[in-house]
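Participant: What follows is a predicted protein model with its sequence.
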Amino acid sequence: MRWSQAFIPTLRETPADAEVVSHQLLLRAGMIRQLASGIYSFLPLAWRVMQKIMAIIREEMNRIGGQEFHLPALHPAELWRESGRWEIMGENMFRLRDRRGSDLCLGMTHEEVFTAIARHELRSYKQLPQVWYQIQTKFRDEPRPRSGVLRVREFIMKDAYTFDLDWEGLDRAYRDQYEAYCRIFDRCGLKYLVVQASSGAMGGQESAEFMVLTDAGEDHIALCEECGYAANTEKATSRVSDVADADGLPAPEMFPTPGVRTIKDLEDFPGGAPADRQIKTLAYFLDDQFTLLLLRGDHELNEAKLAEATGATHIRPAHPEEIKAALGAYPGSIGAVGVTAYPILADFALRGRRNMVTGANRDDFHLRGVDVERDIRVTQWADLRLVKTGEGCPQCEGTLTIRKGLEIGHIFKLGTRYSESMGAYVLNQEGKAVPLVMGSYGIGVERVMAAAVELYHDEDGIIWPITIAPFQVLLVPVNMADEAQRAAAERLYADLLAANLEVLYDDRDERAGVKFKDADLIGIPIRVTIGPQKLARGQVEILRRRTRTVEDVALDTVVARVREIIEEETREVLAR
RNA sequence: CGGGACGUGGCGCAGCCUGGUUAGCGCGCUUGCUUGGGGUGCAAGAGGUCGCCGGUUCAAAUCCGGCCGUCCCGACCA
């Protein structure tokens, strides 16, 4: 490609709306443009990167027996009603109505559609296993699109689905996908981590997320350096130090605490208690059921765990007035002692605790000497606590640290959640109808691109891993007005193309500085520079964007040398 | 959905508080000359419904109200 004819609208200045590095650089490099909040256009350079990533994904999916489909993005509501997700997906789903008044939606994911195909066409265990995938646009009406292309409302996802006769089959399929994902991200040059994850709205038994550690990410990951434990904090657990309780009182005792509203207030209050001796009482509505949640005073609620523990889909904190009506007191003075009218969920860390302090359900009063199991009618014990940095690893003696991560892939063992709800059964060897055992596996393609930018850039611009770079080589004559340079450049361009290399030829009549700045910005791994002095000696200069190392190469060996460097760079990418 | 901020040529901003005649600046863009290994210099140009609607006023980019849009911080996901 000749740059003079290419559409690469680079920007000198960073648009004010761009906060995260990948957003800034993808905009400045002329790769993406925003159409609306969370909706982006890919310009030619970005689309080349996306296609490289997708090509790698296809190769690796096909290698494990995947068959590529292309399913509709527009779905009838019926399908989603069958799986129950028409309601569950709530506002996150784009919904529309056709001219006859039928409800439709834009696909957020494709379990339903693939399962619908499977249930019509898969009849016998002899047809199994199946590994199906597609690379297709998904639509999600995110409450808050953000960070450029990292969290958007329309995006391209590789989604795969496996159908097996039994759980052993699913285990194999899951393992295959896991390994394919590793190869895909390795080949894209990403440094990533596999973490235990919560299944959320997908349902299912087990899932793992592929995460790139970066502050631009939105997930929090608990990590143990010692044993390698890694889990999304939605799922992570930890050892908490036991608190030795003194013997308490024969029964809770009410005492006045004027003005005390928070855990901190009560710590500071004369006659109060340290946070780890307080019971934190939260009031929530879980699918419209008023519920009390109990945690140790110094612990925080993790709503993802709450959802998982209760199966509730609509979770919200109760409003102060609702709390007053239910308990007779406002937040800050509420507690669970003596409450029988509502479900009470308590975090495991409260088990066996005695001599605790909690609200009395009377404004400005608390109770002391509370023995959790004696005085509170807990309806369910659960892990509700958000893991914090510095807590003990659940697997070893190590300590957890919390890091931010960007989710680039997620694999799920779905089991029979969809096959049962949607009636996808096959006959096994005994002639008995059994539900298909399913898995589902997703990769966010633009996130892979953005993650590469987050990981690999410097103050001058992007540094693409060569495997996904929009071009492998950038050819830059320093001065197009110089006939010798132009002629050499044209010849080299033809040679590089003839060698089947991906070349961008900067034939613009710009000054060297402009070309070099743009070159650094768009981040092509190999730059071949043609300048007057070296050209007079029959040489050009090859610079590697990643290391900035420079070498002088004779004109007639450029193609061969570029080939070698591509191989070296590719090896380097795989070694990350 | 809760909280915060912003909306002025393609990009980055000033002007607004304290209303007043042709709405400025830098970059980019066009033309000419110049320069030619890290955003060259000079000159001349083109380009703006000041987000939209309404109100106040003799007069609104500026004050008031509503709406729309965008970004950031928290709860959701590839």
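Facilitator: The structure has been received and is ready for your questions. Numbers count the residues shown, from 1 in each chain, chains lettered A, B, ... in the order given.

Participant: any chance you could map the strands in the stretch 301-450 of chain A?
Facilitator: Using DSSP state E, counting those that start in this stretch, the strands of the stretch 301-450 of chain A run over residues A:315-317, A:344-347, A:356-359, A:365-370, A:380-382, A:400-415, A:425-427, A:433-435, A:437-444.

Participant: Name the nearest residue to whatever residue of the stretch 101-250 of chain A ends up closest to RNA strand B, sequence neighbours excluded.
Facilitator: Residue of the stretch 101-250 of chain A nearest RNA strand B, by C-beta to the nearest atom of the strand: A:G200 (3.1 Å). Backbone N, C-alpha and C define where each C-beta goes, glycine included. Of all residues not flanking A:G200 in the chain, A:A304 sits nearest, at 7.2 Å (C-beta to C-beta, 6 or more residues apart in numbering).

Participant: Contact partners for the one you found?
Facilitator: A:198, A:200, A:234-235 (C-beta atoms under 8 Å, 6 or more residues apart in numbering).

Participant: that older thread, figure out which of the strands of the stretch 301-450 of chain A is closest to A:L45.
Facilitator: A:L45 lies closest, by C-beta to C-beta, to one member of those: strand A:437-444, at 19.3 Å.

Participant: Return the list of strands paired to the closest one, each annotated with direction.
Facilitator: Strand pairing for strand A:437-444, determined by DSSP bridges: strand A:154-164 (antiparallel), strand A:400-415 (antiparallel).

Participant: Report the separation between the residue nearest to A:G200 and RNA strand B.
Facilitator: 4 Å (C-beta to the nearest atom of the strand, to the nearest Å).

Participant: Tell me the spacing between that residue and A:G439.
Facilitator: 21 Å (C-beta to C-beta, to the nearest Å).

Participant: what about A:G259, how many residues close to it?
Facilitator: Counted by other C-beta atoms under 10 Å, the residues lying close to A:G259 total 8.

Participant: With A:E568 instead?
Facilitator: Considering only other C-beta under 10 Å, A:E568 is surrounded by 12 other residues.

Participant: element containing it, please.
Facilitator: Per DSSP states H and E: A:E568 is located in helix A:558-574.

Participant: Disregarding residues adjacent in the polypeptide, which is nearest to the residue in chain A positioned nearest to RNA strand B?
Facilitator: Proximity of chain A to RNA strand B (C-beta to the nearest atom of the strand) peaks at A:G531, 1.4 Å away. The shortest distance from A:G531 to any non-neighbouring residue, by C-beta to C-beta, 6+ apart, is to A:V478 (4.5 Å).

Participant: my guess is that neighbour meets A:P532, correct?
Facilitator: Yes - with contact defined as C-beta atoms under 8 Å, A:V478 counts as touching A:P532 (7.1 Å).

Participant: Backbone dihedrals for A:G272, please?
Facilitator: The phi/psi pair for A:G272 (degrees, to the nearest 10) reads phi -80, psi -140.

Participant: before we move on, the earlier item: looking at the strands of the stretch 301-450 of chain A, which is closest to A:E112?
Facilitator: strand A:437-444 (10.9 Å).

Participant: ok, the closest one near RNA strand B or not?
Facilitator: Yes - using C-beta under 7 Å from any atom of the strand, strand A:437-444 comes into contact with RNA strand B via A:442-444.

Participant: re the thing from before, could you report the neighbour count for the residue of chain A closest to RNA strand B?
Facilitator: Neighbours of A:G531 (other C-beta under 10 Å): 17.

Participant: Just the pLDDT at it, thanks.
Facilitator: Here the pLDDT value assigned to A:G531 is 97.

Participant: Run the contact check for stretch A:220-231 versus RNA strand B.
Facilitator: No - using C-beta under 7 Å from any atom of the strand, stretch A:220-231 never reaches RNA strand B; the gap is at least 8.3 Å.

Participant: just to revisit the earlier point, how about the residue of the stretch 101-250 of chain A closest to RNA strand B, what does it touch?
Facilitator: A:234, A:304, A:307.

Participant: Would you reformat these as a markdown table and include pLDDT?
Facilitator: What follows is these, written out as a markdown table (pLDDT from 0 to 100):
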| residue | pLDDT |
| --- | --- |
| A:E234 | 88 |
| A:A304 | 84 |
| A:A307 | 84 |
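
Participant: If you count contacts, what does the helix or strand of chain A with the lowest mean pLDDT end up packed against?
Facilitator: Ranked by mean pLDDT, DSSP states H and E, the weakest helix or strand in chain A is strand A:315-317, scoring a mean of 82. Under the contact definition 3 or more C-beta pairs under 8 Å, 6 or more residues apart in numbering; DSSP states H and E, strand A:315-317 sits against strand A:279-286, helix A:303-310.

Participant: How about residues contacting that strand?
Facilitator: By C-beta under 8 Å, 6+ apart, the list of residues contacting strand A:315-317 reads A:282-287, A:303, A:306-307.

Participant: That concludes my questions; thank you for your assistance.
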